[in-house]
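Trainee: sequence and computational prediction follow.
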Amino acid sequence: MYRLMLVSIILFATVISSACQQQVQSDGTVTTSFKGTGVLYFWGTSCRACQMQDREIKTFRDKSSVPVKKIQPTQEMISKLNLTHYPTIIIFRNGKEIQRFKGVTYADQLLRATGYYDTAATKTTETTKTTTKQVGGSPR
């Protein structure tokens, strides 16, 4: 059983893209080796909420370049990572867990948690001009 868990963890660590490598340590903590932000998304096959989460993850991916890894955890991973709900999303920054969401998490929440709005605001250099158009006759 222990060997199966170890093989699962090693396989889990090697499947993740090189830009976003996470590893589950023997004490159950998850660490990342890259500098920046990454998202781990834990789901279950019979989880209806996970189907909703998939749509939110797609929206998040369309707007953000933050890497997301979708994982169906083993029983050992569930206990070691203390996964009590599906879906569970864990966000990492510079190798450390910064936030954990249990249940359906909307794309907007993920964008805020990963700092998307902070960086989008600093990249915006143009100001938006608002004009008011009068419709109809003259005001009385």
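Mentor: Sure thing, it's come through. Just so it is clear, the model here is predicted, and its values are computed rather than measured.
Trainee: what's the longest helix in the protein?
Mentor: Criterion DSSP state H: the longest helix present in the chain is helix 48-63.
Trainee: what residues sit buried inside the very next helix or strand once past that helix?
Mentor: As assigned by DSSP states H and E, the chain's next helix or strand after helix 48-63 is strand 68-71. Buried residues in strand 68-71, counted by 16 or more other Cβ atoms under 10 Å: Val68, Lys69, Ile71. C-beta: built from backbone N, CA, C; applies to glycine.
Trainee: could you do stretch 91-103 as well?
Mentor: In stretch 91-103, counting by 16+ other Cβ under 10 Å, buried: Ile91, Phe92, Arg93, Glu97, Gln99, Arg100, Phe101.
Trainee: so which helix or strand takes in the second one?
Mentor: I take that to be Phe92. strand 88-93.
Trainee: same list (the buried residues of stretch 91-103) but as CSV, adding pLDDT and distance to Thr37.
Mentor: Listed next are the buried residues of stretch 91-103 as CSV, based on pLDDT from 0 to 100; distance: Cβ to Cβ, whole Å:
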residue, pLDDT, distance to Thr37
Ile91, 93, 7
Phe92, 89, 7
Arg93, 89, 5
Glu97, 88, 11
Gln99, 94, 10
Arg100, 96, 14
Phe101, 97, 14
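Trainee: which members of those are the farthest-apart pair?
Mentor: Spanning the widest gap among the buried residues of stretch 91-103 are Arg93 and Phe101, at 14.6 Å by Cβ to Cβ.
Trainee: could you check how far Lys102 is from Cys47?
Mentor: According to Cβ to Cβ, to the nearest Å, Lys102 stands 12 Å off from Cys47.
Trainee: which one is Gly115 nearest to, not counting chain neighbours?
Mentor: Leaving out its chain neighbours, the residue that sits closest to Gly115 by Cβ to Cβ, 6 or more residues apart in numbering is Thr37, at 6.7 Å.
Trainee: what residues are up against that neighbour?
Mentor: Contact partners of Thr37, counting by Cβ atoms under 8 Å, 6 or more residues apart in numbering, are Val66, Ile91, Phe92, Arg93, Thr114, Gly115.
Trainee: noted, bye for now.
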